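*Asks:* here is a sequence with its predicted model. Questions after.
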Amino acid sequence: MLLVAIYGSPRKKGNTDLMADAFIEGASSSAEVRTERIYVRDLDISGCLGCGHCDEAGRCVQKDDMEKVYPLLDSADRVVMASPIYFYGLPGQLKLLVDRSQAPYMRRELIKKGAGFAAPAQGQRFVLGRKGFLLGAGATRGKRLFECSILTAKYFFDALDIAWAGELCFREIDEKGAILHHPAALDECRKAGRDFVR
């Protein structure tokens, strides 16, 4: 089983990085799990051009680091996205990755229509029964703090034909390393990781 972890924070070793590490630790207790990590902050990803090329070609016209991401998203059995909350939404760097996922969505739609498009390139595969999960941390106590990010993550996963498996989000987590003062939170992340790969 391939678990792809998307580290969405621009801050290295920040709270959601630590949450994702704990989640992977829990998931890795199963010997069958192989993990690939995507650190969005280290990638050069341009915004969607809205050009419509993927509507007809089933692939993005742009050549950037999304070319490394697409094969991982195609091949993943499980995907976990870890993100801090910026202005009640995902950080810009992570949102670029989400927006650029229109291309694999359109490729899938073209395949469904019998438009002559083959399944992923050699060495890749379409995977059935895929699941996605969101880890989030935000600074405030806002009642609706995670709503926008959860909705965005749900539609991101849906575009990739990945079923929503849930989320684990923590309020009042702001300064770097603050999650370490809430060991029960990291334990919850480990448990969620174990449950996610069962």
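*Replies:* Perfect, I can see it now.

*Asks:* only C-alpha atoms for contact and neighbour calcs from this point on.
*Replies:* Will do.

*Asks:* could you check how far the spatially most central residue of the chain is from residue 172?
*Replies:* If you average the C-alpha coordinates of the chain and look for the closest C-alpha using Cα atoms, centre = their mean, you land on residue 81, 3.4 Å from that point. Plainly put, residue 81 is 19 Å away from residue 172 if you go by Cα to Cα, to the nearest Å.

*Asks:* with residue 179 instead?
*Replies:* Between residue 179 and residue 172 the distance is 9 Å, computed by Cα to Cα.

*Asks:* residue 4 too?
*Replies:* Relative to residue 172, residue 4 is positioned 27 Å away (criterion: Cα to Cα).

*Asks:* out of the two, which sits in the busier spot?
*Replies:* Just comparing residue 4 and residue 172: by other Cα atoms under 10 Å the higher neighbour count belongs to residue 4, 23 against 13.

*Asks:* isn't the more buried one up against residue 38?
*Replies:* Yes - contact status for residue 4 versus residue 38: in contact at 7.3 Å, counting by Cα atoms under 8 Å.

*Asks:* after the lowest-mean-pLDDT helix or strand in the chain, which helix or strand is next?
*Replies:* The element with the least model confidence among the helices and strands of the chain, by mean pLDDT, DSSP states H and E, is helix 102-112, at a mean of 91. Using DSSP states H and E, the helix or strand that directly follows helix 102-112 along the chain is strand 131-137.

*Asks:* that following strand pairs with which strands?
*Replies:* Partners of strand 131-137 in the sheet, by DSSP bridges, are strand 78-84 (parallel), strand 163-170 (parallel).

*Asks:* residue ranges with poor pLDDT in this protein?
*Replies:* Flagging of the chain using pLDDT under 70 yields the residue ranges 115-128.

*Asks:* can you pull out the helices in it?
*Replies:* Counting by DSSP state H, the chain forms helices over residues 15-27, 53-57, 66-75, 92-99, 102-112, 147-159, 183-196, given from the N-terminal end onward.

*Asks:* what helices or strands is the shortest one leaning on?
*Replies:* This means helix 53-57. Contact analysis of helix 53-57 by 3 or more Cα pairs under 8 Å, 6 or more residues apart in numbering; DSSP states H and E lists helix 102-112 as its packing neighbours.

*Asks:* ok, now the first one?
*Replies:* In terms of contacts (3+ Cα pairs under 8 Å, 6+ apart), helix 15-27 is packed against strand 2-7, strand 78-84, strand 131-137, helix 183-196.

*Asks:* redo that, cut-off 6 Å
*Replies:* Other helices and strands packing on helix 15-27, by 3 or more Cα pairs under 6 Å, 6 or more residues apart in numbering; DSSP states H and E, are helix 183-196.

*Asks:* what's the answer for the last one, then?
*Replies:* In this structure, helix 183-196 makes packing contacts with helix 15-27, judged by 3+ Cα pairs under 6 Å, 6+ apart.

*Asks:* what does the helix it packs on contact?
*Replies:* Among residues not part of helix 15-27, those counted as contacts by Cα atoms under 6 Å, 6 or more residues apart in numbering are 82, 83, 177, 179, 189, 190, 191, 193, 194.

*Asks:* ditto for stretch 69-81
*Replies:* 1-6, 124-125, 130-134.
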